[in-house]
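Undergrad: here are the coordinates; sequence isn't available:
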Ligand SMILES: Nc1ncnc2c1ncn2[C@@H]1O[C@H](COP(=O)(O)OP(=O)(O)O)[C@@H](O)[C@H]1O
Ligand SMILES: [Mg+2]
């Protein structure tokens, strides 16, 4: 990735977020990381303290978690798991209740200190990774303020129903519009779990409603019974030729990365 202005390489930080839970953030984050890591080095970070899934998805229990870095009991390099997938390094969130509750109960000043620490450590990663992908909790938890400050690109997922559209609109108003009004930050909408009937007009109508202040519309991924069935049988990372990966590749070809 080349910054045209400066003529130097830089790392892209991609935030996967949504107003509600269950929209497919984790599924998109891990598959996007897997697709991008075919050609380049990627760091995937689980920031969802309330509903961590990576331990189950990657079938791995690390010695140190993102929580330990946040609370100061581990360094950034100690929490990076680098032997699980080729070209894909992963940071896990802790699945225990107490470490997560402690972080979620912290105040804004604490998160601001954490932001400084994250900035410093991600800066040191610029030589190593081309992409960092953040899997996030839904809604407006304080960690999102940090991640929005760090990210270059956001993908906002939503399912096709009017209350998620209204919720996403509020999320954009509350978090995104204020976040980086003057800086280079691309926010993109992606509908997921769209019924396989003709909904193009509905999706375009909603996307238009949400395309306020430079928000782009990436497209949609269909709701697939096959995908849901395979996920029920513990497959979360799909091969490149799988329909979910194919749709995701199609959609991310519209991303400015
Ligand atoms: N395109 C899709 N088709 C069918 N099921 C999907 C699709 N995308 C996600 N899912 C299902 O939705 C559920 C929630 O996905 P997940 O990625 O855990 O959401 P989140 O991280 O936003 O809470 C999972 O059971 C997953 O199998
Ligand atoms: Mg999730």
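TA: On my side now, so go ahead. Because the structure is a prediction, the values reported are computed rather than measured. Ligands and ions are numbered 1, 2, ... in the order given.
Undergrad: Sketch out the low-pLDDT regions of the stretch 101-250 of the chain for me.
TA: For the stretch 101-250 of the chain, the stretches with pLDDT under 70 are 180-183, 213.
Undergrad: do that again at 80, thanks
TA: Within the stretch 101-250 of the chain, the stretches with pLDDT under 80 are 178-184, 212-214.
Undergrad: how about the strands in it?
TA: Remark: strands assigned in the stretch 101-250 of the chain by DSSP state E, counting those that start in this stretch are 131-135, 153-158, 186-194, 216-222.
Undergrad: what lines up beside the longest one in the sheet?
TA: Going back to what we said before, that points to strand 186-194. Paired with strand 186-194 in the same sheet, following DSSP bridges, are strand 153-158 (parallel), strand 216-222 (parallel).
Undergrad: Reformat the strands of the stretch 101-250 of the chain into CSV and put mean neighbour count and distance to residue 103 next to each item.
TA: (C-beta placed from N, C-alpha, C; glycine too.) CSV is the format used below for the strands of the stretch 101-250 of the chain (neighbours: other C-beta atoms under 10 Å; distance: least, C-beta to C-beta, whole Å):
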stretch, mean neighbour count, distance to residue 103
strand 131-135, 25, 15
strand 153-158, 25, 21
strand 186-194, 22, 25
strand 216-222, 19, 30
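Undergrad: Whichever strand or helix holds residue 70: what's the following helix or strand?
TA: Counting by DSSP states H and E, the secondary-structure element that holds residue 70 is helix 66-71. Next along the chain after helix 66-71, taking DSSP H and E as the criterion, comes helix 76-79.
Undergrad: Name the residues that touch the helix holding residue 70?
TA: Here helix 66-71 makes contact (C-beta atoms under 8 Å, 6 or more residues apart in numbering) with 45-47, 49, 74-76, 78-79, 91-94, 99-100, 102-103, 114, 117, 121.
Undergrad: Pull out the buried residues from those.
TA: 45-47, 49, 74, 76, 79, 91-94, 99-100, 103, 114 (16 or more other C-beta atoms under 10 Å).
Undergrad: Show the pLDDT at residue 9.
TA: Note on residue 9: pLDDT of 53.
Undergrad: Return the residues in contact with the residue in the stretch 1-150 of the chain that ligand 2 sits nearest to.
TA: Here the stretch 1-150 of the chain gets closest to ligand 2 at one residue, residue 26, 3.3 Å apart by C-beta to the ion. Residue 26 sits next to 48, 53, 57, 135, 236 when contact means C-beta under 8 Å, 6+ apart.
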